[in-house]
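**Student:** sequence? don't have it. structure:
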């Protein structure tokens, strides 16, 4: 069949779509590991928090009925992302197939990199009160402070009492123990201990060696111990290294069960690929598009230390 301006884009579409989808099919392990991945059907999704009820009273013949206090309402907006590429007619005429498919793969790679970068920014911006991310959205949570803050209010009804999940300690075995104890002291809005069980240590590449020495299953003795003291953290925390964390000193202790309940990645539109002809420019245009939102419904799954 002759190559005409009317079928130029359609002719190229199948191999380009295959190249795009192949690259997009590469796993995004950090997003799947750290986030609760949801599907969205609206401009933004609302997550309404509920307060705790405290201790159940002894039964004295009458069942007491109490209402839940309203917690914070979290609104997670879905943002749009798009990028295009143009394929010149001459590349087809000259049978430059590798260059053509390479452009589609590169664009797909950019979509994957964008997702990981935005996911990492939750942690990178976690210490920043009243900042904005690259979409222009606030870095604060629904409680009015950053994800990692010394001033988390207990509830909308009790803003005078606060809790803390940030510090400035360097990563050592003693400071790891201190951070773990601080997390264990997190309480709900009724003042009851929540039973936090941190089991993940998230670090940048610069702290990989230290984290491994502290918590790997082979680290049976405390680092630097002249008496060969048993390392109680050996195998207790999963060390996770993320090369997108930009602060070489910041580290995060995490309860992964709670994290997967409260750290949200919501897909409104997963990456898709479309095409059209530019008749006068002798080019075929291709466009990638995706739409998603990121947020958290509670902060009590993480403690961040930022010694910088």
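**Tutor:** Perfect, thanks for sending it. On a predicted model such as this, the values are computed, not experimentally measured, just so you know. Numbers count the residues shown, from 1 in each chain.

**Student:** remind me, longest strand of this structure?
**Tutor:** strand 263-278 (DSSP state E).

**Student:** buried residues in it, which are they?
**Tutor:** For strand 263-278, the neighbour count (16 or more other C-beta atoms under 10 Å) marks 263, 264, 265, 266, 268, 271, 273, 275, 277, 278 as buried. Just so you know, the C-beta spots here come from the backbone N, C-alpha and C atoms, and that holds for glycine as well.

**Student:** what mean pLDDT does the helix or strand just after that strand get?
**Tutor:** Helices and strands here follow DSSP states H and E; after strand 263-278, the next one along the chain is strand 283-296. Throughout strand 283-296, pLDDT has a mean value of 88.

**Student:** just checking, what packs against strand 283-296?
**Tutor:** Applying 3 or more C-beta pairs under 8 Å, 6 or more residues apart in numbering; DSSP states H and E, one finds that strand 283-296 contacts helix 8-24, strand 70-77, strand 79-88, helix 97-124, strand 263-278.

**Student:** lowest average confidence across those, which one?
**Tutor:** helix 8-24 (a mean of 58).

**Student:** quick one: residue 304 is in a strand?
**Tutor:** Yes - Residue 304 forms part of a strand when assessed by DSSP: H, G, I helix; E, B strand; the rest coil.

**Student:** OK, contacts around it?
**Tutor:** Contact analysis of residue 304 by C-beta atoms under 8 Å, 6 or more residues apart in numbering lists 123, 126, 127, 147, 148, 165, 166, 167, 250, 251, 252.

**Student:** what helix or strand is the fifth one located in?
**Tutor:** Looking back up the chat, that one is residue 148. Residue 148 belongs to no helix or strand, assigned by DSSP H and E.

**Student:** tell me how many other residues crowd it.
**Tutor:** 25 (other C-beta atoms under 10 Å).

**Student:** quick check, pLDDT for it.
**Tutor:** On the pLDDT scale, residue 148 gets 98.

**Student:** for it, what are its contacts?
**Tutor:** Neighbouring residues of residue 148 by C-beta under 8 Å, 6+ apart: 126, 127, 165, 166, 299, 302, 303, 304, 306.

**Student:** what do you get if the cut-off is 7 Å, keeping everything else the same?
**Tutor:** Counting by C-beta atoms under 7 Å, 6 or more residues apart in numbering, residue 148 makes contact with 126, 127, 165, 166, 302, 304.

**Student:** so the second one is in contact with residue 166, correct?
**Tutor:** Yes - using C-beta atoms under 7 Å, residue 127 makes contact with residue 166 at a distance of 6.1 Å.

**Student:** ok, and the closest non-adjacent residue to residue 115?
**Tutor:** Leaving aside its sequence neighbours, residue 115 sits nearest to residue 28 (C-beta to C-beta, 6 or more residues apart in numbering; 5.8 Å).
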